[in-house]
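**Q** Next input, structure requested:
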Amino acid sequence: MENVPTALWVVILLVALALAFDFMNGFHDAANSIATVVSTGVLKPTTAVVFAAFFNVIAILIFHLSVAATVGKGIVQPGVVDTHVVFGALVGAITWNVVTWYYGIPSSSSHALIGGIVGAVIAKAGAGSLIATGIGKTVLFIFVSPVLGFTLGSLIMVAVSHIFRRATPSKVDRWFRRLQLVSAGAYSLGHGGNDAQKTIGIIWMLLIATGYTAAGDTSPPNWVILSCYFAIGFGTMFGGWRIVKTMGQKITKLKPVHGFCAETGGAVTLFLATALGIPVSTTHTITGAIVGVGSTQRASAVRWGVAGNIVWAWIFTIPASAFVAAIAYWVSLQIF
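**A** Predicted coordinates for the structure are as follows:
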C-alpha cells in the first residue's frame, strides 16, 4: 500500500506531461489551421487563432475515438507499456517539436509521438513488441496524406477555376474571402479531431498500463477526452508564428481562392483518415494541399527548395524522436 501514492504521483506527472505535449501540438500545428487564412488577409492573426481553437475543441462532438483506439491499443503489444515507456515517448516527441518549432520547420507532432512510442518500446522490449498493422498504416499515411492533400487541393482548384472562369477577379476574391472561413473551420475541425485523439490515446495507454483503467474498456474516461481537446485548443490559441510564415508565405503565394481549395482538400483528407482511425500528420496534409494548389498555377509558383526542406524534416521525424525517446526511457529508469 505504501507504493500507491508514489505510483499515483508518477501517473499524475505523466498525464501532465502528455497534456503539455497536447498543448504544444496545438501551438506547433496552429499554422496548419490558420496559415492560409492569415496569409490571404481574410482574418487577423489573433482572430484566426481563436477561430481555429474553437473548431479544434468542438471536434469532440463530431468524431468517434477511432484514432485514440489506434494509439492506445493498436501500436504496442499489451503488457509492454509502462510509465517509463510513456515518459520516453513524450520526451522524444516534445523534444522534436521544440527543435522544429525553433527553426520554423512544419514537422509532424503526430509522427513525433509515434516515433517516441516506437523508440521507447524498442529500448525496453525490442521491435517484436510493436504491432505491425498499426505501425504500418501510420507509416503508409506519411506518404498517402500529403499525396491525397495534393491531389484534392489541385483538383478543387481546377474545378473552381473552371466554374468561375467568367467571373471578375474582384468578385472571386469577395466570394472566397467568405468561403475561406468555412474551409478554415472545416480544416480546424479535422485537426482537432485527429490530433487531440493521439494524446487521448497515450494517456489511455498509460492508465491501462498502471491499472487505473480496465484494458477491456471501449473508451477512455471522459476527463481524459475533455482535457485533451481543451489542451490542444489552448495551444492553438497561442499559435506558432514561425511556422505560419513558412506555411503561408514561403511555399507559394496564396489568395483567398487558393486558401479555400487547399483547406478543403486538406479537410477531406483529415476527415477520411480520422474515420478510418489512422493517426495522420495534419502538417503533411496541408503542406501537400498548398503545394497542389500552387502547382496548378505553374510549377515555378511553388518554391520547391522550401518544400524539399520540409520533406527532409518529415523523413527524420520518426527516427529522431525515437532516438531521443530511447535515451529518455533509460534516464527514467534511473529516476523512478
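**Q** so what's the residue lying closest to Gln77 once chain neighbours are set aside up against?
**A** Nearest residue to Gln77, sequence neighbours excluded (CB to CB, 6 or more residues apart in numbering): Ser129, at 4.9 Å. Every C-beta, even on glycine, is put in place using the N, C-alpha and C of the backbone. Counting by CB atoms under 8 Å, 6 or more residues apart in numbering, Ser129 touches 76-77, 80, 121-122.
**Q** what does the model give Ser129 for pLDDT?
**A** Reported pLDDT at Ser129 in the predicted model: 95.
**Q** measure it to Ile232 for me?
**A** Separation of Ser129 from Ile232 (CB to CB, to the nearest Å): 28 Å.
**Q** Please verify my assumption that Leu189 contacts Ala267.
**A** Yes. Under the criterion of CB atoms under 8 Å, Leu189 makes contact with Ala267 at 7.2 Å.
**Q** and Leu130, what are its phi and psi?
**A** With angles defined as degrees, to the nearest 10, Leu130 sits at phi -90, psi 150.
**Q** and what of Gly126?
**A** phi 90, psi 170.
**Q** Return the distance of it relative to Val139.
**A** 18 Å.
**Q** in stretch 39-50, what counts as buried?
**A** If you call a residue buried by 16 or more other CB atoms under 10 Å, then stretch 39-50 has these buried ones: 39-40, 42-43, 48-49.
**Q** among these, which two are most distant?
**A** Across the buried residues of stretch 39-50, the longest distance by CB to CB is 15.5 Å; it joins Thr40 and Val49.
**Q** Just give me how far the longest helix seen in the chain sits from the chain centre.
**A** Assignment by DSSP state H gives helix 169-209 as the longest helix of the chain. Taking CA atoms, centre = their mean, to the nearest Å, one finds the center of helix 169-209 at 9 Å from the center of the full chain.
**Q** Provide the contact partners of the helix or strand following that helix at residue level.
**A** Remark: after helix 169-209, the chain's next helix or strand is helix 222-238, criterion DSSP states H and E. Under the criterion CB under 8 Å, 6+ apart, residues 19, 22-30, 33, 49-50, 52-54, 56-57, 59-60, 65, 188, 192, 195-197, 199-200, 203-204, 207, 219 lie in contact with helix 222-238.
**Q** try it again with 6 Å
**A** The contact list for helix 222-238, computed with CB atoms under 6 Å, 6 or more residues apart in numbering, reads 19, 22-23, 25-27, 30, 49, 52-53, 56-57, 60, 196, 199-200, 203.
**Q** now do stretch 200-215
**A** Residues outside stretch 200-215 that contact it (CB under 6 Å, 6+ apart): 11, 14-15, 18, 68, 71-72, 81-82, 86, 220, 224-225, 228.
**Q** Give the rounded mean pLDDT of that stretch.
**A** Throughout stretch 200-215, pLDDT has a mean value of 91.
**Q** Can you give me the buried ones in that stretch?
**A** Buried, per 16+ other CB under 10 Å, within stretch 200-215: 200-210, 213.
**Q** now these as JSON lines including distance to Ala322?
**A** Shown next, in JSON lines, are the buried residues of stretch 200-215 (distance: CB to CB, whole Å):
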{"residue": "Ile200", "distance to Ala322": "21"}
{"residue": "Gly201", "distance to Ala322": "17"}
{"residue": "Ile202", "distance to Ala322": "15"}
{"residue": "Ile203", "distance to Ala322": "20"}
{"residue": "Trp204", "distance to Ala322": "21"}
{"residue": "Met205", "distance to Ala322": "17"}
{"residue": "Leu206", "distance to Ala322": "19"}
{"residue": "Leu207", "distance to Ala322": "23"}
{"residue": "Ile208", "distance to Ala322": "22"}
{"residue": "Ala209", "distance to Ala322": "19"}
{"residue": "Thr210", "distance to Ala322": "23"}
{"residue": "Thr213", "distance to Ala322": "26"}
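**Q** So Gly126 and Val139 - more neighbours on which side?
**A** Between Gly126 and Val139, counting by other CB atoms under 10 Å, Val139 is the more crowded of the two (14 against 10).
**Q** which residue packs closest to that one, ignoring adjacent ones?
**A** Nearest residue to Val139, sequence neighbours excluded (CB to CB, 6+ apart): Ile318, at 7.8 Å.
**Q** May I see the buried residues of stretch 62-71?
**A** 63, 65-71.
**Q** picking that back up, in which helix or strand does the residue nearest to Val139 reside?
**A** Following DSSP H and E, the helix or strand that holds Ile318 is helix 304-335.
**Q** still on that earlier bit, which of the contacts of helix 222-238 fall in strands?
**A** With DSSP state E as the criterion, strands contain none of the contacts of helix 222-238.
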